[in-house]
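In: sequence plus the predicted model coming up.
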Amino acid sequence: MTPSSLERTLTELDHIRLVNLLQRQDAAARLPTGPGPIGELLDAAQVVPSRAVAPDVVTMYSQLLLRDPKTDARSQLTLCYPADAEPAQGFVSVLSPVGRALLGLRVGETACWTTPDGRSHAAEIVALLFQPEASGDYTL
C-alpha cells in the first residue's frame with residue numbers, strides 16, 4: 001500500500017478544529033488558498049466520534065514512537081496544533097509535512113513526506129505512547 005493510499009481516521013473533534021484552523025488561516029491571509037494538502041486529508045478522512053476512535057490511531061496530541069526505516073533510529077514526537085509546536089522539544093505541528101503525514105495513521109503504518117527543501121523522509125509508527133482518547137480525554 002502506498003502512503004497516499006493509506007486510509008486516514010480522524011476524530012470528529014480533531015476534524016472540526018482543523019477545519020476551523022484552516023478557515024482562520026485563510027481569513028487572516030485574506031487570500032483564497034484552496035484546500036492544500038491538509039485540506040485534502042480532511043476531505044478524504046474517515047471521521048469517527050472521539051469515543052469510537054481505535055487506540056492505535058494517531059490523533060491530535062498523541063505521543064508517538066517512530067522508527068526511520070533507513071537507519072533504524074527511533075525518535076519520539078507529539079503531534080500538536082501550530083500554536084503549541086516546539087520541534088526542538090518534540091512537539092510537531094500537524095500543518096508541517098511530517099505532522100500531515102502522521103495524522104490519522106495507525107501503529108505499524110509508514111508515513112512518508114517531503115520537506116520544503118525537497119528531501120524525502122519516512123518513518124514507521126512503532127507505538128503510540130499516549131493517545132488522549134484512549135486515556136479518556138475527549139477534549140484535548
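Out: Ah, there it is. Numbering: from 1, shown residues only.
In: which intervals of this structure have sub-threshold pLDDT?
Out: Per-residue confidence for the chain (pLDDT under 70) gives these ranges: 1-5, 26-36, 140.
In: one more time with 80, if that's ok
Out: 1-6, 25-37, 138-140 (pLDDT under 80).
In: list the residues that contact the closest residue in space to Thr114 that isn't next to it in sequence.
Out: Of all residues not flanking Thr114 in the chain, Ser120 sits nearest, at 5.3 Å (C-beta to C-beta, 6 or more residues apart in numbering). Using the backbone N, CA and C atoms, a C-beta is placed for each residue, glycine as well. If you count contacts by C-beta atoms under 8 Å, 6 or more residues apart in numbering, Ser120 has them with Cys112, Trp113, Thr114.
In: repeat that for Leu6.
Out: Leu105, Glu109.
In: in three-state terms, label Ala111 for me.
Out: Here Ala111 is strand, with the state taken from DSSP: H, G, I helix; E, B strand; the rest coil.
In: residues in contact with it?
Out: Here Ala111 is in contact with Pro3, Val98, Ala101, Leu102, Leu105, Ala122, Ala123, Glu124, Ile125 (C-beta under 8 Å, 6+ apart).
In: cool, thanks, talk later.
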